[in-house]
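*Asks:* sequence unknown, structure follows:
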C-alpha cells in the first residue's frame with residue numbers, strides 16, 4: 001500500500017464506510033421490527 005496517501009483521504013473513506021454500515025444496520029433493524 002502506498003505511503004503517500006493523504007491522511008484526510010483515509011479518514012474520509014473510513015467515515016463513508018461507517019456511515020454505510022450504520023445504514024445497513026438501520027435497515028436490518030427496520031426489517032426485524034416489521035416481522036410480526
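*Replies:* That came in fine, so what should we check first? Owing to the predicted nature of the structure, the values given are computational and were not obtained by experimental measurement.

*Asks:* Where does residue 25 sit: helix, strand or coil?
*Replies:* Using DSSP: H, G, I helix; E, B strand; the rest coil, the structure places residue 25 in helix.

*Asks:* Check the gap between it and residue 16 for me.
*Replies:* The gap separating residue 25 from residue 16 is 15 Å, by Cβ to Cβ, to the nearest Å. (Glycine included, C-beta is placed from N, CA and C.)

*Asks:* With residue 26 instead?
*Replies:* In terms of Cβ to Cβ, residue 26 sits 16 Å off from residue 16.

*Asks:* what does residue 30 give?
*Replies:* Where residue 16 is concerned, residue 30 sits at a distance of 21 Å (Cβ to Cβ).

*Asks:* again with residue 6
*Replies:* On the measure of Cβ to Cβ, residue 6 and residue 16 end up 15 Å apart.

*Asks:* same question, residue 27
*Replies:* Remark: distance between residue 27 and residue 16 (Cβ to Cβ) = 17 Å.

*Asks:* tell me the SS of residue 4?
*Replies:* Assignment for residue 4 (three-state DSSP): coil.

*Asks:* Around it, count how many other residues there are.
*Replies:* Applying other Cβ atoms under 10 Å, we find 4 residues neighbouring residue 4.

*Asks:* What pLDDT is listed against residue 35?
*Replies:* Note on residue 35: pLDDT of 68.

*Asks:* what do you get for residue 26?
*Replies:* Value for residue 26, per-residue pLDDT: 93.

*Asks:* so which helix or strand takes in residue 15?
*Replies:* Assigning secondary structure by DSSP states H and E places residue 15 in helix 7-34.

*Asks:* Which other helices and strands does that helix contact?
*Replies:* Taking 3 or more Cβ pairs under 8 Å, 6 or more residues apart in numbering; DSSP states H and E as contact, there are no helices or strands that helix 7-34 lies on.
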